[in-house]
Structures are given as C-alpha cells and as structure tokens.
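Trainee: need a 3D model of the sequence below.
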Amino acid sequence: MKTITIREYLTRKGIVFKEQNGELVTRCLFNDCDSDSKGNEKHLYFDPKTGQYHCKKCGEKGNVITLAKHLGDSTNDIVLNPPEYRGNTRKYPKFGPSLVEECHQAIPDRIRLYLNARGITDAIIKEYKLGWGKFYGKWWITIPIKDIEGNFVFFKLRQDPGRGDHKMTYPKGVQAQIYDWQTLQNVTGRIVISEGELDRLLLMSKGKAAITSTHGAMTFKEEWVKDVQKWPKIYVCYDNGEAGEKGAKRVAAMVENGGNNETYLISLPEELGEGGDITDYFTKLNGNPDDLFSKYAREYPERIDTSQFDSFSSQELIKILGLTIKKDEVNKLITFLCQLAAYTESCQFNISFNAPSSTANPIFPQRSLGCFQKKM
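Mentor: Below is the predicted model of the structure:
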C-alpha cells in the first residue's frame, strides 16, 4: 500500500514542523510532552523518507498510517490508490468542466451560509464555481483550480466544516498551481499573496486582488515570480505564527530578489493569536481592508529612514574616530570612508597601506577597522 509522504500529510493537517538534520520535527501529537516546552523546543521526530516517527520524550513510535488513525483519518485518506476505488465496482468521477458545474449546482444552503459568514459573497461563489461533492468517502467544499491556460485541472477540497478541517486535492498527486492565474494576469495597482484559498476568496470579495498557492505556505514556486512581478506593488500576508512568518518571508525574498522594488509584508494583529489569518481579521475584528496596506504593512526588506539622522562634517567624524585612533587624521578619515563604501551597491574602493617595515603604520588599518565596527 503506497501512501502520501509524511511531509504532505503534516502539511494537509496544518501541523507546523521544521526541518532539522534531515528530519521533520514538531511538538508531540500524542501526549503532553511539549506542554512545558519553551521557544522552538520540540520532541516528535519524523523520518521524511519512511514516514516513521519517534517522540524522544514519551517514546511514542509509529508511521504515517498509525498517525492518520490517531488523528481520526482512515487509510483511504492517505493511500494514493484507495481500495474502494479499485477495479470496476466503483470509479472516480472524471474531473472536468461538467463535474465542476455539477458540484457548483449542488452546493447546499448551509454551505453557502458558511461561506458567507467567512466573508465570501454569493457573487464570488458564482464566479469561481465553488461547489459541494462527495470524494474519498466524505463530503467536501469544492474549489475548482485552473491552470495558466484557463483550463480546469483539479479540485482543492475542504472537508465539510461540520466534520473537520481536512484539506486535499482531487484527483490526488497534482502539482501546486497559482489560484487564480486569471486574476494574476489582470494587472492593476497591487496584489496580495495569501496563504489559503478561502482567505484569497475573501479578499476578492472585498475588492482586493489576491492569489495563493494551492498547496500551502511553503509551496510558492520560484518560476511564478516573473508573472507576479508584473504588479507594481506586491503584499504578502500569511497566517500568524512561525510557519506563516517563515513562508511569508520566503515568498517576499523571492519576489524582491527577482527585481521588484515595492514588496511588503503584512503582519496581522497579534491579538488574533497563533494561526490567526485574514478571515479572522475580518470576521473577529471587523478589520478595515485598507489598514492591511498601511497600518499592518511594512516594506520588505525594511529600509531605514535616513531623514531621522543629522548629518555631520568630516571634522566631526575625525573627532569621533579620534576617541579610538590618535592622530593620523587624514589616514583614518580615508580608511573609514572607504570601509563605509563597502556597504553600498556602488562606489566601492580598494585601499592599501604601504610603509617601511618596523614602523607602526601597518597596524593602523586593523585599529581603524575595529573602530568602524564599533561605530556601526
């Protein structure tokens, strides 16, 4: 029986983990081993190749199958080819536009009201063909995903909210996509890269252009950057917490490294707590959409406002350097300025000192550099 990887399963379940020495590490999911843990201390270790785990504190051991059972999932939720779909007794319904429309027409009132309560309007539900269907033996909210050409390629599934919060795709094994490519191509002023599909749909309901990766916080691809960078201003807003912050900085760095000059990180209010997201911002705090782009946004990378500092003359600089380096006014000024230029993107200098042996001058660069580091 071939299963999904432990990495994929943890991501589906929204379990935050970190990679450490070739292993995946998270807080214990079985007992209260980490109730008194501080900072990044964690005790449950996974082998990413075999899926086996071992808690170094309580001794709990197993694999992806035993973990799925512990978390209330069946083996059909983690195998790549569930037994109930083998042979001719029961087949997968063929994915395509007709299935998308069938599920869209089947959406029940209670699910529509649930989406409305999350801030997603009926107009957005209709535009993006949100629906309702039974797959893998469970009922799901269906979110149709298109490829860059505009063709439907798979469903992103969210479990019946009355039954749980499991997320997966139909069919299984599909590659991550931008949701929604068509929005990305309609360039205006600014766009938000969010962490989840429903957060993205909520922003669209508020009239704010937004996209997301369909497979979680750490799955945004480098190859997408060239399309994102067509937008003048790019805002990254992921969920509160370690995983969200790490994912947001990763995306912001990719965008910034690609040459975009206006990249921003949006940090949601701390009062939303660990895992607080855009939906919580609007539904729990009744947040103002425009505050996301002003009050809670900061430029990435953060730049220092030099207007807050006073300028000073070369003579004042010589006086400051003189606290460490006595005399040699010209040499220490030139050395300091050349070293300072190394921190700029242009106008860098090479500097050398030449003096007869047995003189004290060769030690001067070292003393000057030490002074420079202290001042910085």
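Trainee: all contacts plus neighbour counts: C-alpha atoms, from now on.
Mentor: Noted.
Trainee: what about the stretch 151-300 of the chain, any weak spots by pLDDT?
Mentor: For the stretch 151-300 of the chain, the stretches with pLDDT under 70 are 259-261.
Trainee: just the helices in it please.
Mentor: 181-185, 197-205, 225-228, 242-257, 278-283 (DSSP state H, counting those that start in this stretch).
Trainee: with respect to K38, which of these lies nearest?
Mentor: helix 242-257 (13.6 Å; Cα to Cα).
Trainee: buried residues in the closest one?
Mentor: Within helix 242-257, the residues that count as buried by 16 or more other Cα atoms under 10 Å are 243-245, 247-252, 254-256.
Trainee: need the CA coordinates for it. PDB is fine.
Mentor: Provided in PDB are the C-alpha atoms of helix 242-257 (Å, rounded to 0.1, in the frame of the first residue of the first chain):
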ATOM      1  CA  GLU A 242       6.200  30.500  13.000                       C
ATOM      2  CA  ALA A 243       5.200  28.600   9.800                       C
ATOM      3  CA  GLY A 244       3.300  31.600   8.400                       C
ATOM      4  CA  GLU A 245       6.100  34.100   9.100                       C
ATOM      5  CA  LYS A 246       8.700  31.700   7.500                       C
ATOM      6  CA  GLY A 247       6.500  31.200   4.400                       C
ATOM      7  CA  ALA A 248       5.800  34.900   4.000                       C
ATOM      8  CA  LYS A 249       9.500  35.900   4.200                       C
ATOM      9  CA  ARG A 250      10.400  33.200   1.800                       C
ATOM     10  CA  VAL A 251       7.900  34.500  -0.800                       C
ATOM     11  CA  ALA A 252       8.800  38.100  -0.200                       C
ATOM     12  CA  ALA A 253      12.500  37.300  -0.600                       C
ATOM     13  CA  MET A 254      11.800  35.500  -3.900                       C
ATOM     14  CA  VAL A 255       9.800  38.500  -5.200                       C
ATOM     15  CA  GLU A 256      12.400  41.000  -4.000                       C
ATOM     16  CA  ASN A 257      15.300  39.100  -5.400                       C
END
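Trainee: so what does that helix touch, helix or strand wise?
Mentor: Applying 3 or more Cα pairs under 8 Å, 6 or more residues apart in numbering; DSSP states H and E, one finds that helix 242-257 contacts helix 225-228, strand 233-237, strand 263-266, strand 297-300.
Trainee: export those to a markdown table and tack on mean neighbour count and distance to T183?
Mentor: Shown next, in a markdown table, are these (neighbours: other Cα atoms under 10 Å; distance: least, Cα to Cα, whole Å):
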| stretch | mean neighbour count | distance to T183 |
| --- | --- | --- |
| helix 225-228 | 16 | 10 |
| strand 233-237 | 25 | 14 |
| strand 263-266 | 25 | 18 |
| strand 297-300 | 17 | 22 |
